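Engineer: no FASTA, just this:
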């Protein structure tokens, strides 16, 4: 007798590979269509990290369902493990949370013996993450405080000239008699000590205090 082919159950490596190569890219495509849908006027701008998370979540959902198949026991096990991550882990970036789910899903696939699925799933998730993280802005945000004594106001044009020379975008936040501060956006690879040295040269004898306070992109005051 020929064995009965139960829907949702992968009996061999060939079935695992075929299901992975069809379902994971399809999930990524559909997730991207939802995450990158046209934005209606008046709606708030979408955060890149959230868009990336939505795309990867679609892939993770597909991978988890491939692992579960028709096994109720596996389904309960995944729910328990996901709740453990949710309540025990403190994560600020939503993309980091979904990468934890990625690790969970491929670990489950390996643990139940779906070795081909675990391998293809890992490779495809790494590829997806590599592609979407390439669209992240390669910048850092700082609050730059400068105390240059009584000459702070007079030096403002020269300070801003130095910032432009290093391709630093700036917005004046505080302007006092002996202090100025800016919210600045720098190229990620820029070494702030080079900018600080150039700014120190503006003050006689280098008597100045310069503070770079890096800000998380989602906590920058508007």
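Structural biologist: Perfect, I can see it now. Remember, predicted model here, so these are calculated numbers, not experimental data.
Engineer: CA only for contacts and neighbour counts going forward, please
Structural biologist: Will do.
Engineer: Please state the offset of whatever helix or strand residue 61 lives in from the chain centre?
Structural biologist: Assessed by DSSP states H and E, residue 61 sits inside helix 48-68. Averaging C-alpha positions (Cα atoms, centre = their mean, to the nearest Å) puts helix 48-68 14 Å from its chain's average.
Engineer: Against which helices or strands is it packed?
Structural biologist: The contact analysis (3 or more Cα pairs under 8 Å, 6 or more residues apart in numbering; DSSP states H and E) places helix 48-68 against helix 13-35, helix 72-88, helix 94-111, helix 115-133.
Engineer: Which of these comes out lowest on mean pLDDT?
Structural biologist: If the helices and strands packed on helix 48-68 are sorted by mean pLDDT, helix 72-88 sits at the bottom with a mean of 57.
Engineer: got the buried residues for the helix holding residue 61?
Structural biologist: By 16 or more other Cα atoms under 10 Å, the buried positions in helix 48-68 come out as 49, 51-68.
Engineer: wouldn't residue 58 be in contact with residue 25 here?
Structural biologist: No: counting by Cα atoms under 8 Å, residue 58 stays clear of residue 25, with 9.9 Å between them.
Engineer: Name the SS class of residue 181, please.
Structural biologist: Under DSSP: H, G, I helix; E, B strand; the rest coil, residue 181 falls in the strand class.
Engineer: my bad, should have said residue 113
Structural biologist: Under three-state DSSP, the three-state class of residue 113 is coil.
Engineer: roughly how far apart are it and residue 20?
Structural biologist: Distance, residue 113 to residue 20, by Cα to Cα, to the nearest Å: 15 Å.
Engineer: Could you do residue 194 as well?
Structural biologist: Distance, residue 194 to residue 20, using Cα to Cα: 49 Å.
Engineer: swap in residue 47?
Structural biologist: With Cα to Cα as the criterion, residue 47 and residue 20 are 29 Å apart.
Engineer: How about residue 105?
Structural biologist: 13 Å.
Engineer: And residue 126, by the same measure?
Structural biologist: Separation of residue 126 from residue 20 (Cα to Cα): 14 Å.
Engineer: Which one's more surrounded, the two?
Structural biologist: For residue 126 versus residue 20, the count of surrounding residues by other Cα atoms under 10 Å is larger for residue 20: 22 against 13.
Engineer: Quick check: closest non-adjacent residue to the more buried one.
Structural biologist: Once flanking residues are discounted, residue 20 sits nearest to residue 117: 6.2 Å by Cα to Cα, 6 or more residues apart in numbering.
Engineer: just checking, the one you found touches residue 109?
Structural biologist: Yes: judged on Cα under 8 Å, residue 117 makes contact with residue 109 at a distance of 6.6 Å.
Engineer: With neighbour numbers in mind, choose between those two.
Structural biologist: For the pair residue 117 and residue 109, the greater number of neighbours falls to residue 117 (26 against 22), based on other Cα under 10 Å.
Engineer: and the chain, what are its domains?
Structural biologist: The chain resolves into domains spanning 13-37+47-133, 139-219 when parsed by automatic domain parsing.
Engineer: pLDDT on the last one, on average?
Structural biologist: Same thing as domain 139-219. The pLDDT scores in domain 139-219 average 84.
Engineer: got the contact list for the strand or helix carrying residue 140?
Structural biologist: Residue 140 is part of strand 139-147, with elements assigned from DSSP H and E. Applying Cα atoms under 8 Å, 6 or more residues apart in numbering, the contact partners of strand 139-147 are 152, 178-188, 208-217.
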